[in-house]
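Student: Here is my input, please return the structure:
(chains A and B)
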Amino acid sequence: MSGYWDPHIERMPARDLHTLQEDRLKSTVRYVYDHSTFYRQRFAEAGVEPGDIKTLEDVVRLPFTRKVDLRNTYPTGMFCLPKDWIVRYHVSSGTTGKPTVVGYTKGDVDMWTESLARAMTSLNLGRDDVVQVGYGYGLFTGGLGLHYGAERIGAAVLPTSTGNTERQIELMQDLGSTAIACTPSYFLHVMEVADRMGISIRDDTSLKVGIFGAEPWSNETRQRIEEGTGIKAYDIYGTSEISGPLFTECSHQNGIHVWADMFLIEIVDPKTGEQVEDGETGELVVTTLNKWALPLIRYRIGDLTVKDSEPCSCGRTHPRIMRILGRTDDMLIIRGINVFPSQVESVLMRIPEVGDHWQITVEREGPLDVMSVAVELTESGFSDKIGDLMSLSKRISKELKGVLNVVAKVELVEPGTIPRSMGKAQRVIDKRKV
Amino acid sequence: MTELKQISLFVENKPGRMAKVSKTLSDAGVNIRALTIAEAGDFGVIRMVVDEPEKGYGMLKQNGFTVSMTDVLAVEMEDSPGGLYKIVDTLGQNNINVDYAYAFVTAKAQKAMLIIRVDEIEAARRVLGEKGIRIANGEEIEKL
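Tutor: Prediction:
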C-alpha cells in the first residue's frame, strides 16, 4: 500500500509544477512587498520590484534573507500580518544567539500539517498506525508539527514528548506504537534503555518506522538503527523558520521530498551565492510559496545539501534533497580544515567496537587546535589485552584522519559516560570560544 | 576440573573508578584473591581472580561496567628463588607465549600462585604437568 496523500499534486508533471511555482512566486513577491516594510526596503536596496519577477528564473534577482534578519527584527518585525491573524507562535531555542519567533495563520498551520500528511503517507503510515511523538512539545516545532501531521492521516498519536525513557518504552509496548518520531540520538538512547530493561524492540514491540531528524545524522547511524531494531529509519527535515519539520524521505529512502507547490528551493554556492547544478553540494535556499504570516524570500538556512530534480522511483515528481551534511554554523575549523560532526559520525558508526554515543572536544594548545573524540567501547570491542585496545584507538584515529584529513586524538571511555540527550545531542564541545 | 576464570574490566583512568569496582564486589560479598592493573594513559584494564567469578562478573555487568571473563591458569610456584624461572622457562622452551602474568601469596597455601594467560592453554597445562608443576583449578582458588 504505497498510496499518495494528494496524488494530483504529488505526481504533477514537472512542467505544470513549474507553472504553479512561477504563479505562486509572483504572488508571494507582490504580497511581501505590499505587507512588509522590511521587504520593501530590501527590494529597494537590491533595485528590484515585484513587476521584475516574470519567470521562475528571475528569483535570482531577489535579495537573500538570513537568520540574522529575523534576530534583528525580533520579535515580529518580519511578519506580514497583524496579530489578529496569528493562531500560533513558536520560538527557536536561541542557543547560538537571540531567539527567533515564528508565527502562523490558520492556513499556515494547515499547509505545514498537509506537508507532513503527504510525508507520513509516503512512509506507508495511515489510520492503522500509532505514532509516538517523542519530540519536545512546546516552543520547539517538532512535537506539535508531527502531532498535527499524524492526526491528519488518521493515525493515533501518542504524545510522549521527550524524556522518561522507560515509560516511553512501556507505552510503546502497551499501546502498540508502530512509528516513533524523535531525534536519532534520542532513539539510540531508547535502544540502549530497552536493552537494559530486557526488551527487544524487534521482538517485543510493534515498532516498524522511525522518523528521525532535528539534528544531522549519517547513513551509518541509519544502518545501526535498522539492523539493531528491524525498523525502517527515515530522515525528516525542516527548520522552525520555514514552519518546522516538513519533509521526509519516502519509503524508497532516496532523498527528502520537498513539496514544490509550497516551497521553492535553490542550492547556491555558500561563498558566491550563485546557483549550483543538481548533484553539486551547496547551501539550501528556501522561498515560501504558500505561507502568509511569515513568508520568506530566498532564506539561507545554512544547511549544506545536494538537490536532485529527477522524479523519484516512487512516482513523486517534486525535487529531493539529499541527507544534510551539516549546517554551516556547525562546521568546525580545525587547523584551517573544515570538519563536519556528521563526517565524524559516519566514520565512527562503521566501526563495530565503537558504541552509539560519541563527543568531540576541541581545545587550543598553544597556537594549535587539538581535536579529541571520545567514544564508548562496546562489550564486543573490549579485549583485556592493553595492546588490542591501543591498536583499536589507533585504528579509529587513522580512519578519522582518512576522511577528515585532521588528526584526532581518540579517547576510549566506559559505556554510559557520554551524556545522553533527550532532544538534540551535544556532539561538540568547543573550548576555543569562551 | 573447571578452568580458572579471570574477570577483566575496562576502566577510565579517573579518580573513584577503582573504588566503584571494589564497592560493587564488596556489596556482593565477592572476595578478591589477586588483582593487577594495566594502565595505558587515559584508560586501564583491571584483571582479577575472585572467589566467585560468575557472581562477580554478573554484578559488575549489572552495574554498567565493561567486563569480560577469560580463562587463565593458576600455576603453583615455589616461594623461593628460581620458582618463576622454572615455569616461564618451560613455557618458553615449548614456544608458548605468555600474554601477561601476575602472582599472589596466601597465608593458607604453602606456595605462591602465578596467574598466567597464554595463547595455548591446553599445551601449557600439558608441558607444565610433564615438569611436575601443579596447576590449581577454580574450586581450589575459591576455597583458598
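Student: Report the strands that pair with the strand ranked longest in chain B, each with its relative direction.
Tutor: The strand that spans the most residues within chain B, counting by DSSP state E, is strand B:66-77. Sheet partners assigned to strand B:66-77 using DSSP bridges are listed as strand B:4-12 (antiparallel), strand B:112-118 (antiparallel), strand B:135-136 (antiparallel).
Student: Which of the helices or strands spans the residue nearest to A:Thr100 when sequence neighbours are not counted?
Tutor: Of all residues beyond its chain neighbours, the one nearest A:Thr100 is A:Leu70 (4.2 Å), with distances taken as Cβ to Cβ, 6 or more residues apart in numbering or on different chains. All C-beta atoms are positioned from the backbone trio N, CA, C, and that covers glycine. Secondary structure here is read from DSSP states H and E; on that basis A:Leu70 sits in helix A:67-72.
Student: Only the buried residues of whichever helix or strand comes after that helix, if you could.
Tutor: Sequence order places strand A:88-91 as the next helix or strand after helix A:67-72, per DSSP H and E. For strand A:88-91, burial by neighbour count (16 or more other Cβ atoms under 10 Å in any protein chain shown) applies to A:His90, A:Val91.
Student: Against which helices or strands is strand A:88-91 packed?
Tutor: Secondary structure elements in contact with strand A:88-91, counted by 3 or more Cβ pairs under 8 Å, 6 or more residues apart in numbering or on different chains; DSSP states H and E, are strand A:101-104, helix A:141-152.
Student: Partner strands of the first one, with direction?
Tutor: Its sheet considered, strand A:101-104 pairs with strand A:88-91 (antiparallel) by DSSP bridges.
Student: okay, the partner strand in PDB with CA atoms only?
Tutor: Output in PDB follows, covering the C-alpha atoms of strand A:88-91 (Å, rounded to 0.1, in the frame of the first residue of the first chain):
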ATOM      1  CA  ARG A  88       0.300  30.100  16.900                       C
ATOM      2  CA  TYR A  89       3.800  31.200  17.800                       C
ATOM      3  CA  HIS A  90       6.900  29.000  18.000                       C
ATOM      4  CA  VAL A  91      10.200  30.300  19.300                       C
END
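Student: okay, now the domains of chain B?
Tutor: Residue ranges of the domains in chain B are recorded as B:4-71, B:72-143, according to automatic domain parsing.
Student: Apologies, that question was intended for chain A.
Tutor: Using automatic domain parsing, chain A is parsed into the domains A:1-328, A:331-430.
Student: any chance of the ones you listed in JSON lines, with mean pLDDT too?
Tutor: Formatted as JSON lines, the entries for those read as follows, by pLDDT from 0 to 100:
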{"stretch": "domain A:1-328", "mean pLDDT": "95"}
{"stretch": "domain A:331-430", "mean pLDDT": "91"}
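Student: Deepest-packed of the ones you listed, please.
Tutor: Ranked by average neighbour count under the criterion mean count of other Cβ atoms under 10 Å in any protein chain shown, the domains of chain A are headed by domain A:1-328 at a mean of 19.
Student: rewinding a little: as TSV, the helices and strands packed on strand A:88-91 with distance to A:Thr317 would be great.
Tutor: Output for the helices and strands packed on strand A:88-91, formatted as TSV (distance: least, Cβ to Cβ, whole Å):
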stretch	distance to A:Thr317
strand A:101-104	27
helix A:141-152	21
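Student: These: which one's closest to A:Asp308?
Tutor: Shortest distance between A:Asp308 and those, using Cβ to Cβ, is found for helix A:141-152: 23.7 Å.
Student: what helices or strands is the next helix or strand along the chain from the closest one leaning on?
Tutor: Counting by DSSP H and E, the element after helix A:141-152 in chain order, helix or strand, is strand A:156-158. Secondary-structure packing of strand A:156-158 (3+ Cβ pairs under 8 Å, 6+ apart): strand A:130-133, helix A:141-152.
Student: Of all the ones you listed, which one comes closest to A:Gly198?
Tutor: So among these, strand A:130-133 is nearest, using Cβ to Cβ, at 20.0 Å.
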